[in-house]
Structure formats: structure tokens, C-alpha cells
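>>> this is a predicted model, with the sequence first.
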Amino acid sequence: MGKNNMGRRENLSIHSNPVELRQVRSAIEAGGARVGFNKKDCHAIALAVDEALANVIKHAYSGAQDKKIEIEIEELNEEIKQQGLKINIRDFGKAVEISKIKGRELTDIRPGGLGVHIRRKVMDEVVFECPPSGGTLLQMVKYRRNEQKRKG
Amino acid sequence: MPAAERSSSDDIVKQVRELSEAVAVDISGDVDLHRSPALRETLAKLIDANPARLVLNLSEVGYMDSSGVATLVEALQRIQRKQGRLLLHSLSPRVQSIFEIARLESIFEIYPSEDEALRA
């Protein structure tokens, strides 16, 4: 796993191996804490990112564990109203068919299908792009709420 | 308390205790995309032995993702088909939160402690 710190941005490069997701969760939670999210929100953001990465592994890479996934974590600090965490996830696998992304109804109790719901529930912005070079770029943003403004 | 105890070779399941009217399972570590398949397999085997109640201790589970929740939903449905009950206890706030986000708290029987789960 490669790591490159650039101030308020952190770039991670992992393989599509579920073992490596734990390191990403830790980085997300650390970034969230620096921006001022409380523990519950840090955990929720890490969960949403984890679910997105799990979908990349399962769908874009069909379970292959040696493919590249790039993650950029940007800490948004400049304006209080815009404080938060922005996460970009870039894969180079099978492009997502955006029209087919659909979470299941929560009243439909069955295993699976919760990842999309979690992502939508937790994050404020979720944008999929299909770059010309292939794969998918997923951009997600979570803004801090006013009551979580950092003290001092 | 335990009529019999045995340790599991799979480290996600720390211990399985066969009690008089229940099987108690201590689960340990992250229950995520990497480790859920092992838990799924273990729970399926335990349920296939037709316990009246399967009691899962989640106190040492630090993280659970939707694959972990899916594993528990599958176990719940499997044991219900056999007229059994799945009971969860000692959820950490982090694990509790995914049940809340997925709105699954009402689907599972969740208790604060093992004693309360066993009395239920």
C-alpha cells in the first residue's frame, strides 16, 4: 500500500484485496477526526467508504485481489460551511452502469444490498464519473454539521 | 454454566459454548468483507445442528460492515426456518451504529449482556 501525505490531502493506493480495506478505514477515521467530526460520524464515513470499496472489488474487479484502487482523502477546512471530508475512489475495472445502481428497500429483509443505502444515508454528495480512460471515479463528500464545529 | 466448551480454529470465532438450552458463540475482531465468509460458514454449521437458541457475543467485534450484517441476516433466516432463535448481545457503539443505519435493530433480538440474552 503506497501512501503520500500532502497537507490536507492524503493519497492511498491499494490492491483490490479485502485485507487492505482496514488501512483505508483507519486513514478515513483519522482524517475525519482532524476535520472535527465526532467518533460516530468518523465511523459512519469510514463505513460508507468501505462499502464503496467493497463494491469496487466485487463488481468492477469481479473479486480479483490484485487490481489497483486509488483513494484520495481531502480535508475541507477553508470555510466553516464547507468543512468536511471529500473522498475520491478511482478504479480501473469494469465501468459502473450508473443507471443500475440501486439499493434495496429496507423493508425487504435479506442478506446483501445494503452498501448503496449506507453510502446514500451517510454521505452528503455521491457522484459517479466514467473517465475516458476506463474504470470509474466515485466522488463522495461529507460535510460537518454546525453542532460539530471544532472548539477553539 | 457450560455443559461443554471448545475453541474454534477459526479466529473470528473465539469460542463456542454448548449450554443447556443454547449455543453461545464469542465472535472476535472485524467482521468485514475479508472475514465474513468464515463467520458465515461457522454459523451455518452451528445452525445445521438445530440449536434452539444461538447466542452471539459481539463485545469483541470492533467493526462490522454490510457483509457482516448480511451474514447475520442470513443466519437469522436460516435458524428461523428451523424454528430456532438468534440472539445478539454486547454490541459496541460502532457495531450498533450499522444496525441503526440499516434499520435492522427491530429485526434482531439484541440484549445488553449474555445473561439477559440467555434469560430472554
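Looks like it came in fine.
>>> select the longest helix from chain B.
Criterion DSSP state H: the longest helix present in chain B is helix B:66-81.
>>> may I see the buried residues of that helix?
B:66-76, B:78-79 (16 or more other C-beta atoms under 10 Å in any protein chain shown). The C-beta positions use only the backbone N, C-alpha and C, and glycine is treated the same way.
>>> for chain A, what lies in contact range of chain B?
A:18-19, A:21-22, A:25, A:39-40, A:43-44, A:47, A:50-51, A:54, A:57, A:106, A:109-112, A:114-115, A:117-118, A:121-122 (C-beta under 8 Å from any C-beta of the partner chain).
>>> what's the end-to-end length of stretch A:64-73?
Taking C-alpha to C-alpha, to the nearest Å, stretch A:64-73 runs 24 Å from one end to the other.
>>> where along the chain do the helices fall?
This is for chain A. Taking DSSP H as the test, the helices found in chain A are A:21-35, A:39-55, A:115-122.
>>> wait, chain B
Secondary structure of chain B by DSSP H: the helices cover B:36-48, B:66-81, B:93-101, B:114-119.
>>> so which of these gets nearest A:P132?
In terms of C-beta to C-beta, the element of the helices of chain B nearest to A:P132 is helix B:66-81, at 31.3 Å.
>>> same for that closest one, what does it pack against?
When contacts are defined as 3 or more C-beta pairs under 8 Å, 6 or more residues apart in numbering or on different chains; DSSP states H and E, helix B:66-81 sits against helix A:39-55, helix B:36-48, strand B:53-60, strand B:85-89, helix B:93-101.
>>> name the residues of stretch B:101-115 that are buried.
B:I101, B:A102, B:L104, B:I107, B:F108, B:I110, B:Y111, B:E114.
>>> and the second one, how far is that from chain A?
Meaning B:A102. Distance, B:A102 to chain A, using C-beta to the nearest C-beta, to the nearest Å: 5 Å.
>>> again, but for the fourth one
The span separating B:I107 from chain A equals 6 Å under the rule C-beta to the nearest C-beta.
>>> would you list the phi and psi of that residue?
B:I107 adopts backbone torsions of phi -80, psi -30, taken as degrees, to the nearest 10.
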